[in-house]
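*Asks:* Here is my input, please return the structure:
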Amino acid sequence: MTEPITQQNKLRVWEFWKRLDDSPAHLLPTLLKEYVAEEVSWLGFHPFNHLAGRDMVLGNWWYPLRQSFPDVRRDVYIFMGGSFGGKQWVCGMGQFLGTFARPWVGIPSTGLPTSIRFGEFCAVEDGLIVEDYVLLDLVDVMRQAGYRVLPPSPGDETCWPRPFEEDGVLLAPQDDAESRQSLALVEAMIQGLGKFDGVDFSKMDQLAYWSPEMHWYGPVGIGSSRNRAEYERNHQTPFLRAFPDRKGGNHVARFAEGHFVASTGWPSVRATHLGEYLGVPATGVKVGMRVADWWRRKGDRLVQNWVFIDLPDLFLQMGVDLFDRLQQQVAKQGAKDI
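*Replies:* Residues are numbered from 1 along each chain as shown. Okay, the predicted model is just below:
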């Protein structure tokens, strides 16, 4: 069964998240002091990047989020824990939901209900979060506010669905044998990806790991796919043509619990930009990609995969500032702030 320390850490982080939903902004310092280490290392997608210490996390993450979305709450799709690299981890993904009342990271407010896709990996020591990796689909927030900084996604841009069985929040202990089978399947799949020779996709032997009816959910700019043919057309083919030498698996966390597996790296993928990608011609520059994945296994195949890619950070490395594109559109169209 799930290790007692993992179970303890899961319940601790879950309690923290639930209390965050219900605490007014003026109580955040007291709440974070109870659950977050003073010297926490917080890493987020661009433009947040690295925040050092609890005070910076409050001032640069939680306070601005609460000011812009006063009624924000988490809607958690997957929640799980495990160990990796000598550390104890708890992670979750889903969406923040709130009314977009004030501008946020340069995105004009709308006064409308807004979804912020999030993923989070917390390293826990002695009941405190000491490392925190926060993943956000900010390009999707721009889209909801009426601004397009990337070409329309080839895949579906609607809200990501939950796990098919509605069983992703693992508050109870999980069977070790199921966890081992899930992790072994994902790690074999990752090894297969490494066999790509730059030309022949079949060398990766991915049909051995994925259901033909796999569902792959990507950030806005890429979108989601509901079967393998859509996945190959919408993501895999353009991605591998743009980054044929990509190497992944450089994870700071990778673990399984029950039928679910999660990983993240900072960056976890390194590559050379050798082909056009999402409208940007090849630059020849070497890039690193901050990525996080959650997978769901059913039987001996993977059936769902939720993927975060820090596209604003990736595009900066390719010479394109997506937030500058946003501000140019805001200036041209006029801010729509309420």
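*Asks:* Would you confirm that residue 56 contacts residue 41?
*Replies:* No. Counting by Cβ atoms under 8 Å, residue 56 sits too far from residue 41 to count as a contact (10.2 Å). All C-beta atoms are positioned from the backbone trio N, CA, C, and that covers glycine.
*Asks:* These two - which one has more neighbours?
*Replies:* Taking other Cβ atoms under 10 Å, residue 56 and residue 41 do not tie; residue 41 has more neighbours (16 against 13).
*Asks:* which stretches of this structure have low pLDDT?
*Replies:* 194-205, 335-338 (pLDDT under 70).
*Asks:* Can you give me the domain assignment for it?
*Replies:* 4-144, 176-324 (automatic domain parsing).
*Asks:* for those domains, which one sits closest to residue 152?
*Replies:* domain 176-324 (8.5 Å; Cβ to Cβ).
*Asks:* so how far does that closest one reach from one end to the other?
*Replies:* 48 Å (Cα to Cα, to the nearest Å).
*Asks:* next one: stretch 240-250
*Replies:* 18 Å.
*Asks:* residues contacting the spatially closest residue to residue 112 that is not a sequence neighbour?
*Replies:* Of all residues beyond its chain neighbours, the one nearest residue 112 is residue 100 (5.9 Å), with distances taken as Cβ to Cβ, 6 or more residues apart in numbering. By Cβ atoms under 8 Å, 6 or more residues apart in numbering, the contact set of residue 100 is 68-69, 109-114, 144-145.
*Asks:* mind putting those residues in CSV, secondary structure, neighbour count and distance to residue 244 included?
*Replies:* Putting the contacts of residue 100 into CSV (DSSP: H, G, I helix; E, B strand; the rest coil; neighbours: other Cβ atoms under 10 Å; distance: Cβ to Cβ, whole Å) gives the following:
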residue, secondary structure, neighbour count, distance to residue 244
68, helix, 21, 40
69, coil, 21, 40
109, coil, 19, 41
110, coil, 18, 40
111, coil, 12, 45
112, coil, 11, 41
113, strand, 12, 41
114, strand, 23, 37
144, helix, 17, 33
145, coil, 21, 35
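*Asks:* right, and out of those, which lies closest to residue 217?
*Replies:* Distances from residue 217 to the contacts of residue 100, taken by Cβ to Cβ, are shortest for residue 144, at 16.6 Å.
*Asks:* and the residue nearest to the closest one when sequence neighbours are not counted, how far is that from residue 145?
*Replies:* Nearest non-adjacent residue to residue 144, counting by Cβ to Cβ, 6+ apart: residue 114, 5.4 Å away. Relative to residue 145, residue 114 is positioned 8 Å away (Cβ to Cβ, to the nearest Å).
*Asks:* With residue 83 instead?
*Replies:* Distance from residue 83 to residue 145, by Cβ to Cβ: 39 Å.
*Asks:* all helices for this structure, in order.
*Replies:* With helices called from DSSP state H, the chain shows them at 4-22, 28-35, 54-57, 63-68, 138-144, 176-193, 228-231, 237-242, 311-317, 322-333.
*Asks:* which other helices and strands contact the third one?
*Replies:* Yep, that's helix 54-57 we're talking about. helix 28-35, strand 36-44 (3 or more Cβ pairs under 8 Å, 6 or more residues apart in numbering; DSSP states H and E).
*Asks:* Just want the angle from the last one to helix 28-35.
*Replies:* Compare the direction of strand 36-44 with that of helix 28-35 by axes from the mean of the first three to the mean of the last three Cα atoms, to 10 degrees and you get 100 degrees.
*Asks:* Any buried residues in strand 36-44, and which?
*Replies:* 36-37, 40-44 (16 or more other Cβ atoms under 10 Å).
*Asks:* Farthest pair within those residues?
*Replies:* Across the buried residues of strand 36-44 (Cβ to Cβ), the longest gap, 16.7 Å, separates 37 and 44.
*Asks:* Tell me which residues of stretch 246-257 come out buried.
*Replies:* Here stretch 246-257 shows 246, 248, 251-257 as buried, counting by 16+ other Cβ under 10 Å.
*Asks:* List the contacts of residue 143.
*Replies:* 157, 220.
*Asks:* Over to residue 253?
*Replies:* By Cβ under 8 Å, 6+ apart, the neighbours of residue 253 are 84-85, 87, 89, 91, 121, 123, 133, 262-264.
*Asks:* what do you get if the cut-off is 6 Å, keeping everything else the same?
*Replies:* Contact analysis of residue 253 by Cβ atoms under 6 Å, 6 or more residues apart in numbering lists 84, 89, 121, 264.
*Asks:* Residue 113 too?
*Replies:* residue 99.
*Asks:* ok, now the one 10 residues further on?
*Replies:* Each residue near residue 123 by Cβ under 6 Å, 6+ apart is listed here: 87, 89, 130-131.
*Asks:* most surrounded residue in these?
*Replies:* Busiest of those [other Cβ under 10 Å] is residue 89, holding 26 neighbours.
*Asks:* Residues in a beta bridge with the residue lying closest to it once chain neighbours are set aside, which ones?
*Replies:* Excluding the flanking residues, the one nearest residue 89 by Cβ to Cβ, 6+ apart is residue 253, at 4.9 Å. Following DSSP bridges, residue 253 is listed with bridge partners residue 264.
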